[in-house]
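Q: Predicted model and sequence follow; I will ask about them next.
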Amino acid sequence: MDTDPASPRSADDLLVTYAVEDGLALVTLNRPAAANAQSFDLLYALDDCFRRAVDDPDVVAIALRGAGKHFSAGHDTASGDLRTWTRDVAPRTTWYDHGALTGVERQYVAEQEVYLGLCRRWRALPKPTIALVQGACISAGLMLAWVCDLIVASDDAYFMDNTVSLGVPGVEYFAHAFELPPRVAREFLLLGERMTAQRAYALGMVNRIVARDELLGEARRIADMIKARSRFAVSLAKQAMNVVDDLQGKRSATDAVFAMHHLAHAHNQATTGRSILMPAQK
Ligand SMILES: C/C=C/C(=O)SCCNC(=O)CCNC(=O)[C@H](O)C(C)(C)COP(=O)(O)OP(=O)(O)OC[C@H]1O[C@@H](n2cnc3c(N)ncnc32)[C@H](O)[C@@H]1OP(=O)(O)O
């Protein structure tokens, strides 16, 4: 595991670590003590690692995983990122000077940049991505798994969207109806129950299920298969699938529901003083 060349910090201090093994980039969310909850800083560190993987000509595929017990507990609900959003990094998906914004506009633009914008950017990475999911993959955790091309889950993984209980209609990158059959997507969203890896596999949301200690081995096997194919053909095949998804409405649907998401935030703010209804629940 290497360290950030621009920083003297050790790999243990990095929010996301990066390594390359035989053509496979290993991008690892590295907040195991917080169940890999996603602060804004973590998301930008993740974007930096994806950039490195794209720029490295030796990398043929990218595995995204989480250190520790869980893949990701979703947004970091303890960080207060949205309240303190003044942005000291250049925006990567929007053009606004976020520091100058207030009120509903400020949260809308911040989430457009950090959540919806980065997810779309990662979905369009020109190299194939494989999410390796173990333990919990909750709400914004789903967004990271869903933007990947393949999902390999451990047999103890589960998926859950608890956002309706927080007063918003799903996560900011609303891909539910594209990831799951419509009736199941409704159930997943409305009830917020855990979906086991086995059910997700049966429904086609997950490509493979392996034992937890086999996740990396499975990613290596997939990378070896991809390595044998034309790099450009692989990249175009990925683009082709993204184009078809968008022709089937994914881009418009995620835009429309992102607006509803912020209508819900504004309503919650007006009625309770908070843009979400309650702290994260188990
Ligand atoms: C539109 C909104 C989108 C969103 O994503 S909102 C966030 C939705 N996510 C959640 O509601 C998840 C809440 N967390 C949990 O349900 C559980 O946790 C887990 C199932 C993920 C893990 O459970 P276990 O293995 O028993 O560990 P633990 O002791 O509960 O958590 C370990 C540490 O992780 C912190 N943590 C967990 N989730 C979050 C989070 N989302 N944001 C910030 N911190 C989180 C905890 O507080 C604790 O930390 P400490 O040991 O210091 O008490």
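A: Cool, got the structure. Source: prediction; values computed, not measured.
Q: okay, CA-based contacts and neighbour counts for the rest of this
A: OK.
Q: Tell me which residue is most central in this structure.
A: By Cα atoms, centre = their mean, the chain has its centre lying nearest to residue 144, at 1.5 Å.
Q: Please name the nearest non-neighbouring residue to that one.
A: Using Cα to Cα, 6 or more residues apart in numbering and skipping residues adjacent in sequence, the residue nearest residue 144 is residue 119, 7.2 Å away.
Q: And the pLDDT at the one you found?
A: In this model, residue 119 is scored at 98, pLDDT.
Q: following the helix or strand it falls within, which helix or strand comes up?
A: Assessed by DSSP states H and E, residue 119 sits inside helix 118-123. As assigned by DSSP H and E, the chain's next helix or strand after helix 118-123 is strand 129-133.
Q: Report the mean confidence score over that following strand.
A: Averaging pLDDT along strand 129-133 yields 99.
Q: Show me what that strand is packed against.
A: Packing partners of strand 129-133 (3 or more Cα pairs under 8 Å, 6 or more residues apart in numbering; DSSP states H and E): strand 61-66, helix 140-146, strand 150-154, helix 215-227.
Q: Go ahead and name everything in contact with whatever helix or strand comes next after it.
A: Next along the chain after strand 129-133, taking DSSP H and E as the criterion, comes strand 136-138. When contacts are defined by Cα atoms under 8 Å, 6 or more residues apart in numbering, strand 136-138 is touched by residues 69-74, 157-162.
Q: Give me the subset of these that lies in strands.
A: For the contacts of strand 136-138, membership in strands holds for 158-160, with DSSP state E as the criterion.
Q: now, which of these lie close to the ligand?
A: Among the ones in strands among the contacts of strand 136-138, not one lies near the ligand by Cα under 6 Å from any ligand atom.
Q: which of the residues you listed lies closest to residue 211?
A: Relative to residue 211, the closest of the ones in strands among the contacts of strand 136-138 is residue 158; by Cα to Cα it sits at 13.4 Å.
Q: how about the closest one, what does it touch?
A: Taking Cα under 8 Å, 6+ apart, one finds 134-137, 194-197 in contact with residue 158.
Q: Can I have the buried ones of those as a PyMOL selection?
A: Of the contacts of residue 158, the buried ones go into a single PyMOL selection, burial set by 16 or more other Cα atoms under 10 Å:
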select buried, resi 134+135+136+137+194+196+197
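Q: What about residue 60, how many residues nearby?
A: 27 (other Cα atoms under 10 Å).
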